[in-house]
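Student: just need the structure, nothing else, for what follows:
(chains A, B, C and D)
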Number of protein chains: 2
Amino acid sequence: MTSKQEFIEKLRNSSLRPTKQRINICEVLFNRDKTFHFTINDLFILIKDKTGEKVSLATVYNTVHAFHKKGYLKEIPINSNQTYFDTNVTDHHHFFDVKEEKLIDLKNEDVGPIEIQKSIPGKKIKSVEVLVKLED
Amino acid sequence: MTSKQEFIEKLRNSSLRPTKQRINICEVLFNRDKTFHFTINDLFILIKDKTGEKVSLATVYNTVHAFHKKGYLKEIPINSNQTYFDTNVTDHHHFFDVKEEKLIDLKNEDVGPIEIQKSIPGKKIKSVEVLVKLED
DNA sequence: ATCTTCTTTAGAATAATTATAAACAAGGAA
DNA sequence: TTCCTTGTTTATAATTATTCTAAAGAAGAT
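Tutor: Purely as a prediction, here's the structure:
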């Protein structure tokens, strides 16, 4: 459980002004036990439901992108009509249940080390992500 | 090099009528040495350039989806504004050069075997794909 | 030839995301 | 505090990839 005050400091330290909207979004996103997978629209609805205050859709987009840029959110590479984000920014992988359009975390141990044996001159590896699609 | 006649047979065997448009698309997609990564829009433009005949955008969508369904194309999971497809439908992985928005194949040997140690009751694994993002 | 079914097509509809520009709020300086 | 600058929010419009629609056209069977 992170206090409102801690979110304010975290935002300040990232040179993001701690607005009411951003603090609300922080509380919805980061006051959780488990990792959270969401789309912008999921979040938009959740904010209203959980905080009782409405934040405009544009602000949700702005804030999620700002948090992503600062490294507080991770974008999950799937082809879906909507973009998925993850509050777990550590190195890890995903199951994607194609039928139910649901993401499930895979711990790094569940996948084992992945050694990339090829390299591209002038480029370095930014991330290695495994997506395991599930069917019935 | 596959002949037009062979494409016609391939289409018939897949219960897809061999129309002029589909044959043109086959020639653009499958008469290649190397694997080919593309977006619908890439392909739309290429068809005009390579065959001199225009195929409507809707038909390109229809055909690519039909080929995908039949297993002649693979969809590559990246978050991009456009969906990427691959003519290499064998089990393999990708580099994605984020800056240049370019895909590069990774052979299975370049990545090594991936053992998924976790399973979800009632679900089976459909595919395992690794995406390695590259930066400068 | 004729008929049925599948396919193509242009254009409209949809839906996610981004841009715009005006109102507003934060934080600093006086 | 009050003023000022800069960053933020907001509703709405614009953009863009993709899907839908319905009419015209082509394939294949009879």
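
Student: which residues pair with the spatially most central residue of chain A across the strands?
Tutor: Centroid-nearest residue in chain A, with Cα atoms, centre = their mean: A:Asp86, separated by 2.4 Å. Beta bridges link A:Asp86 to A:His37, A:Lys74, judged by DSSP bridges.

Student: up against DNA strand D, what does chain A have?
Tutor: A:16-17, A:19, A:21-22, A:54-59, A:62-63 (Cβ under 7 Å from any atom of the strand). Backbone N, C-alpha and C define where each C-beta goes, glycine included.

Student: recalculate using a threshold of 6 Å.
Tutor: Taking Cβ under 6 Å from any atom of the strand as the contact definition, chain A meets DNA strand D at A:16-17, A:19, A:21-22, A:55-56, A:58-59, A:62-63.

Student: what subset of these is buried?
Tutor: For these, a burial check counting by 16 or more other Cβ atoms under 10 Å in any protein chain shown picks out A:16, A:21-22, A:55, A:59, A:63.

Student: ok, back up a step: correct me, but the residue nearest to the centre of chain A touches A:Tyr72?
Tutor: No. Using Cβ atoms under 8 Å as the test, A:Asp86 is too far from A:Tyr72 to be in contact (10.6 Å).

Student: same question for stretch A:103-115, mean pLDDT?
Tutor: Taken as a whole, stretch A:103-115 has an average pLDDT of 91.

Student: who's in contact with that stretch?
Tutor: Here stretch A:103-115 makes contact (Cβ atoms under 8 Å, 6 or more residues apart in numbering or on different chains) with A:35, A:37, A:76, A:78, A:84, A:86, A:88, A:90-97, A:128, A:130, A:132, B:111-112, B:114-118, B:120, B:130.

Student: check stretch A:128-136 too.
Tutor: Contacts for stretch A:128-136 (Cβ under 8 Å, 6+ apart): A:76-78, A:91, A:93-99, A:106, A:111, A:114, A:116, B:77, B:114, B:116, B:120, B:122-133.

Student: and chain A, what are its domains?
Tutor: Domains of chain A are assigned by automatic domain parsing as A:4-76, A:90-134.

Student: comparing those domains by mean pLDDT, which bottoms out?
Tutor: domain A:90-134 (a mean of 92).

Student: wait, does that domain make contact with DNA strand C?
Tutor: No. Counting by Cβ under 6 Å from any atom of the strand, DNA strand C has no neighbours in domain A:90-134; the shortest distance is 11.3 Å.

Student: what secondary structure does the residue of chain A most remote from its centre sit in?
Tutor: Centroid-distance maximum for chain A: A:Pro121 at 30.4 Å, with Cα atoms, centre = their mean. State at A:Pro121, reduced to three classes by DSSP: H, G, I helix; E, B strand; the rest coil: coil.

Student: pairing partners for the strand ranked longest in chain A, with directions?
Tutor: Ranked by residue count and defined by DSSP state E, the top strand of chain A is strand A:124-135. Sheet pairing of strand A:124-135 (DSSP bridges) gives strand A:93-97 (parallel), strand B:124-135 (antiparallel).

Student: in TSV, list these along with mean neighbour count.
Tutor: Formatted as TSV, those follow (neighbours: other Cβ atoms under 10 Å in any protein chain shown):
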stretch	mean neighbour count
strand A:93-97	22
strand B:124-135	17
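
Student: can you put these in JSON lines and add distance to B:Phe67?
Tutor: Supplementary listing: these in JSON lines, determined by distance: least, Cβ to Cβ, whole Å:
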{"stretch": "strand A:93-97", "distance to B:Phe67": "22"}
{"stretch": "strand B:124-135", "distance to B:Phe67": "17"}
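
Student: among these, which comes closest to B:Lys50?
Tutor: The closest of the strands paired with strand A:124-135 to B:Lys50 is strand B:124-135. By Cβ to Cβ, the value is 28.9 Å.

Student: packing partners of the longest helix along chain A?
Tutor: Criterion DSSP state H: the longest helix present in chain A is helix A:57-70. Judged by 3 or more Cβ pairs under 8 Å, 6 or more residues apart in numbering or on different chains; DSSP states H and E, the packing partners of helix A:57-70 are helix A:20-30, helix A:40-51.

Student: of all those, which lies closest to chain B?
Tutor: Counting by Cβ to the nearest Cβ, chain B lies closest to helix A:40-51 out of the helices and strands packed on helix A:57-70; the figure is 12.5 Å.
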